[in-house]
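next one to model:
(4 chains)
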Number of protein chains: 4
Amino acid sequence: MEKIRVTIWNEFRHEKTKENVKAIYPDGLHATIKAFLDKNEDLEVRLAALDDPDQGLPDDVLENTDVLLWWGHMAHGEVNDDLVKKIQNRVYLGKMGFIALHSGHHSKPFKAIVGTNGNLSWGRDQKEIMWNLLPAHPIAAGIPDHFLIEKEELYCEPFYVPQPDELIFGGWYEDGFIFRSGLCYYRGAGKVFYFQPGHESCPSYHNEYVQRIITNAVYWAKPNEIVYPIENKCPHVQYKVTDEFNTEA
Amino acid sequence: MEKIRVTIWNEFRHEKTKENVKAIYPDGLHATIKAFLDKNEDLEVRLAALDDPDQGLPDDVLENTDVLLWWGHMAHGEVNDDLVKKIQNRVYLGKMGFIALHSGHHSKPFKAIVGTNGNLSWGRDQKEIMWNLLPAHPIAAGIPDHFLIEKEELYCEPFYVPQPDELIFGGWYEDGFIFRSGLCYYRGAGKVFYFQPGHESCPSYHNEYVQRIITNAVYWAKPNEIVYPIENKCPHVQYKVTDEFNTEA
Amino acid sequence: MEKIRVTIWNEFRHEKTKENVKAIYPDGLHATIKAFLDKNEDLEVRLAALDDPDQGLPDDVLENTDVLLWWGHMAHGEVNDDLVKKIQNRVYLGKMGFIALHSGHHSKPFKAIVGTNGNLSWGRDQKEIMWNLLPAHPIAAGIPDHFLIEKEELYCEPFYVPQPDELIFGGWYEDGFIFRSGLCYYRGAGKVFYFQPGHESCPSYHNEYVQRIITNAVYWAKPNEIVYPIENKCPHVQYKVTDEFNTEA
Amino acid sequence: MEKIRVTIWNEFRHEKTKENVKAIYPDGLHATIKAFLDKNEDLEVRLAALDDPDQGLPDDVLENTDVLLWWGHMAHGEVNDDLVKKIQNRVYLGKMGFIALHSGHHSKPFKAIVGTNGNLSWGRDQKEIMWNLLPAHPIAAGIPDHFLIEKEELYCEPFYVPQPDELIFGGWYEDGFIFRSGLCYYRGAGKVFYFQPGHESCPSYHNEYVQRIITNAVYWAKPNEIVYPIENKCPHVQYKVTDEFNTEA
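You can find the predicted model right below:
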């Protein structure tokens, strides 16, 4: 069995400095995500953090990653632009899927890959109800028509992202707001998913449905079987396809 | 100035039998809609009702309609299948836009044109907050980021319609529900808009933003300038386009 | 291993009456399709034909079909409207995927499910080059950037179908025409794929890439894991989702 | 009448150095585009070029541009990144539409705004046939089902752009290639159109249908009437929308 190589990149700062965050995610929220992904034998999951050497993604890691999950928040600006370019390039060339989690809507790679400023409105933690808008989609597999999130940071419209290729989830918030919470994007020869829950001080990554959705998304986002070379350039074609036909045909 | 010929089709039964409905829409809700559309000099608006001769849409009316608005509820089943076919055909051929209002999600023409069973969940009248999800779209022109509807019938997800070409509005409801409330569909050579507010016992068609949205939708849905014949058939092409090139080219 | 139950419905008339068709598809084109699908152990494939009892799809067959492939051409009008309703309903409820092949663009079920008159233009058999427009999509897995079809019936734009959720393939034709040839549609809780090659007098179902695409499409279109009941009605919700929250939360 | 302020940005180098280009576009291709746009009284068109001060787009020009057309080719890399950011920002905030022409697929602003590497394949000048895929769309108004371009540079699939919100035109090429040639994108609160014809050594901007399409696109892309402030930030909401309701309601 060929494994899907997953890397979970976490800014991993809140968990070190804030007691309330540490209480929920003692080893970092990426470790919590790894724990539930590890239940799938065909996933090979590793962790990466901003403060690791090469910001956690040296070339040999990136080039051996099939699906990259990204959680960042207060240090978006510290991420190297060169690294962002490499991530973007790898997605566009169909070598890697990208999953932006929660405040990753404002991360450099998400914004660059998808084509957005990632802007939204936000507010106090509150009750959220997540609605399943596209039950036919593999990312919605096993998810009820709605589920509760007892407490999440308010993320609300207007969310200035491109219309997704598939809109899978929508969030209802106690204070009168809604949000497009689960969004699929085809980009280049790769795939991107954005999923809203996951504020560092909320236990959303312990929620069974959030876990299922992220797991589903990893399988959906993995690179497709592409049988022709895709490089980051505009090939000059110097032949006629019509010449490929049998002359007798 | 060539006018856009608008026909507002209303089932027009609730208004005759229920005092609370009559109080809100004394001449029928279609008359209320006509009143605000009439403020636009380039719109020529007429009314049609289920109990009119030919169900309000004899051929000479239908064939002189550029945009058809449709409100039906308790008598969907009474609408003639032949009429539905004619409406569907006219939209597909690019001769007419179609706007389904509120319970029109379950009308025969909406379901046939768009390709859906139109199913949704519904419940008690309650507060709704309408969110503007695509401010760049002409149907959202002049609409704030959100507006209040003091009382509307609950319409909620899952709403089993096709993913729209453009999702313009989303509704938040007091009891914990959301709904995709403003949906654009290209169908054949025509255009379709669905807009959720408008329960007969709620005064939504008196709301200034609802009025603006419906007005915008009429302009958006009007037939495009199409300069080649479109008939309801599959033409047999017996030429090579390549022969159209200049021989010296 | 739970198998995906596939039924290939074929009008199956051309193959009985025309020698040139019989020469290419001696047991019917559905048998050829079955032969290559059968190479996949997790597919359980059966055949159905218009002239079989109950037009090949008695309830116990339809209700045990996960993915229905449909090839029809000269006898679209003979298909029972009741059967069409059942097929449409089953797709919308998420119990079955639907794959329309070639002239199935004009079949009753495709038109009803998707919301289209299915009109296109057509002409003489000629060379086609199929281009891969979305290499990231599972239906494009293993397909080169383009492949040749030595001879196919011309199907050409304008093709009056709804814009697909995903446009996967596009065809180039010798005489100057193009066609959107591989189209994905989410409909209700189900999925639909249309694929253009497959004229009865052309050997396209013997083409390795056509075979791979149809195989990929079967896996893509299979019903999703849906964990809540979906019936063909509009449920009346008589509760508040907000009541589901922990009172202490 | 409030005018739509259009700026046509042209790299404007080929026309100065190459006789064959100068012969077709003596004052630059932007001047040719201006000439046909100027026929519309409600358009106020100005020209800008890479070698103008501030690369043709000082702040007072950019901030007074409603729709920016962009033609660049051999000097994409010279365009200032700061200027690109300003253009991208202005589109996302809904203050300006953006139209990328021909080799503008690889321009910095197009790639940044849309989210793409803009890669395609290309080849020798040849005959192209442009097909109208969405006759209902305002950009297709007045355009026949197809039209000829006697000579254009080959631009061909795979074109690694995001799936467009609307795919309006598709090109057929003599040598066996196709291309998605007219693409609409909603981005942030703004709109983007890409249109393929327009190689500097081909007279496509003299073609009446190309002219009509670009004219239509200007009207489509103009900023919408947005009645609430949109800034480039994530607003912190510190209120409940639910508090806006009438207390008696």
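
any idea which residue sits dead centre in chain A?
In chain A, the residue lying closest to the centroid (C-alpha atoms, centre = their mean) is residue A:99, at 1.0 Å.

that one - that's part of a strand, no?
Yes. When DSSP: H, G, I helix; E, B strand; the rest coil is applied, residue A:99 is found to be in a strand.

that one contacts residue A:193, doesn't it?
Yes. Counting by C-beta atoms under 8 Å, residue A:99 touches residue A:193, with 4.8 Å between them. C-beta: built from backbone N, CA, C; applies to glycine.

need the overlap of contacts for those two.
When contacts are counted by C-beta atoms under 8 Å, 6 or more residues apart in numbering or on different chains, residue A:99 and residue A:193 have A:217, A:221 as shared neighbours.

next, give phi and psi for residue A:166.
The phi/psi pair for residue A:166 (degrees, to the nearest 10) reads phi -140, psi 130.

ok, it - contacts?
A:134, A:137, A:139, A:183, A:184, B:163, C:165, C:186.

give the buried residues for the helix or strand of chain A with the lowest mean pLDDT.
None of the helices or strands of chain A scores lower by mean pLDDT, DSSP states H and E than helix A:14-17, at a mean of 93. By 16 or more other C-beta atoms under 10 Å in any protein chain shown, the buried positions in helix A:14-17 come out as A:14, A:15.

show me what the helix or strand just after that helix is packed against.
Once the chain leaves helix A:14-17, the next helix or strand it forms, by DSSP states H and E, is helix A:19-24. Counting contacts by 3 or more C-beta pairs under 8 Å, 6 or more residues apart in numbering or on different chains; DSSP states H and E, helix A:19-24 packs against helix A:14-17.

alpha carbons of the helix it packs on, as PDB, please.
Taking Å, rounded to 0.1, in the frame of the first residue of the first chain, the C-alpha atoms of helix A:14-17 are listed here in PDB:
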ATOM      1  CA  HIS A  14      -0.100  30.000  21.200                       C
ATOM      2  CA  GLU A  15       0.200  26.500  22.600                       C
ATOM      3  CA  LYS A  16       3.600  27.400  24.200                       C
ATOM      4  CA  THR A  17       2.600  30.700  25.800                       C
END
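
what lies in contact with it?
Helix A:14-17 is contacted by residues A:21, A:22, A:25, A:26, A:27, A:28, A:29, A:73, A:74, A:200, A:201 when judged by C-beta under 8 Å, 6+ apart.

wait, which of the contacts of residue A:166 is closest to chain D?
Nearest to chain D among the contacts of residue A:166, counting by C-beta to the nearest C-beta, is residue C:165 at 8.7 Å.

please list all residues in contact with the closest one.
Contact analysis of residue C:165 by C-beta under 8 Å, 6+ apart lists A:165, A:166, B:163, C:184, C:185, C:186.

ok, now residue A:85?
Counting by C-beta under 8 Å, 6+ apart, residue A:85 has contacts residue A:112.

before we move on, what SS does it have?
helix.

next: residue A:91.
Recorded secondary structure, residue A:91: helix (three-state DSSP).

stretch A:211-221: how far from the chain's middle?
9 Å (C-alpha atoms, centre = their mean, to the nearest Å).

which one's the longest helix in chain A?
The longest helix of chain A (DSSP state H) is helix A:208-221.

up against chain C, what does chain A have?
Contacts of chain A with chain C, taken as C-beta under 8 Å from any C-beta of the partner chain, map to A:94, A:127, A:129, A:134-138, A:140-146, A:148, A:150-151, A:165-166, A:172, A:174, A:186, A:188-191, A:224-228, A:230, A:241-242, A:244-246, A:249.

which residues in chain A form helices?
A:14-17, A:19-24, A:29-37, A:59-62, A:81-92, A:108-114, A:208-221.

possible to save the ones you listed as a markdown table with distance to residue A:234?
Listed next are the helices of chain A as a markdown table, based on distance: least, C-beta to C-beta, whole Å:
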| stretch | distance to residue A:234 |
| --- | --- |
| helix A:14-17 | 42 |
| helix A:19-24 | 46 |
| helix A:29-37 | 37 |
| helix A:59-62 | 24 |
| helix A:81-92 | 13 |
| helix A:108-114 | 19 |
| helix A:208-221 | 26 |
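
which of those sits most buried?
Counting by mean count of other C-beta atoms under 10 Å in any protein chain shown, helix A:108-114 has the highest mean neighbour count of the helices of chain A, with a mean of 24.

helices or strands up against that helix?
Against helix A:108-114 (3+ C-beta pairs under 8 Å, 6+ apart) you get helix A:81-92, strand A:97-101, strand A:178-187, strand A:190-195.

one step back: in a markdown table, list the contacts of residue C:165 along with pLDDT.
Formatted as a markdown table, the contacts of residue C:165 follow (pLDDT from 0 to 100):
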| residue | pLDDT |
| --- | --- |
| A:165 | 98 |
| A:166 | 98 |
| B:163 | 98 |
| C:184 | 98 |
| C:185 | 98 |
| C:186 | 98 |
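
mind listing what the closest residue to chain D within chain A touches?
In chain A, the residue that lies nearest chain D is residue A:115 (2.3 Å; C-beta to the nearest C-beta). Going by C-beta under 8 Å, 6+ apart, residue A:115 touches A:162, D:112, D:113, D:114, D:115, D:116, D:162, D:185, D:187.

cool, residue A:173 as well?
Neighbour list for residue A:173: A:126, A:127, A:128, A:154, A:156, A:179, B:172 [criterion: C-beta under 8 Å, 6+ apart].

need those residues in CSV (columns: neighbour count).
Output for the contacts of residue A:173, formatted as CSV (neighbours: other C-beta atoms under 10 Å in any protein chain shown):
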residue, neighbour count
A:126, 18
A:127, 21
A:128, 27
A:154, 24
A:156, 24
A:179, 27
B:172, 28
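
which of those are close to chain D?
Among the contacts of residue A:173, the residues that sit close to chain D (C-beta under 8 Å from any C-beta) are A:154, A:156, B:172.

among those residues, which are in strands?
By the criterion of DSSP state E, membership of these in strands covers A:154, A:156, B:172.

wait, the first one sits on residue A:176?
No. Between residue A:154 and residue A:176 there is no contact under C-beta under 8 Å: 9.9 Å.

partners of residue A:191 in the sheet?
Residue A:191 has these beta-bridge partners by DSSP bridges: residue A:186.

same check, this time on the one 4 residues further on
Partner residues in beta bridges with residue A:195, using DSSP bridges, are residue A:101, residue A:182.

tell me, how many residues neighbour it?
Taking other C-beta atoms under 10 Å in any protein chain shown as the criterion, the count of residues near residue A:195 is 24.

how about low-confidence regions in chain A?
Counting by pLDDT under 70, chain A has low-confidence residues at A:247-249.

so which bits of it are right by chain B?
Residues of chain A found near chain B (C-beta under 8 Å from any C-beta) are A:129, A:131-135, A:145-146, A:157-159, A:163, A:166-167, A:170-173, A:176-178, A:180.
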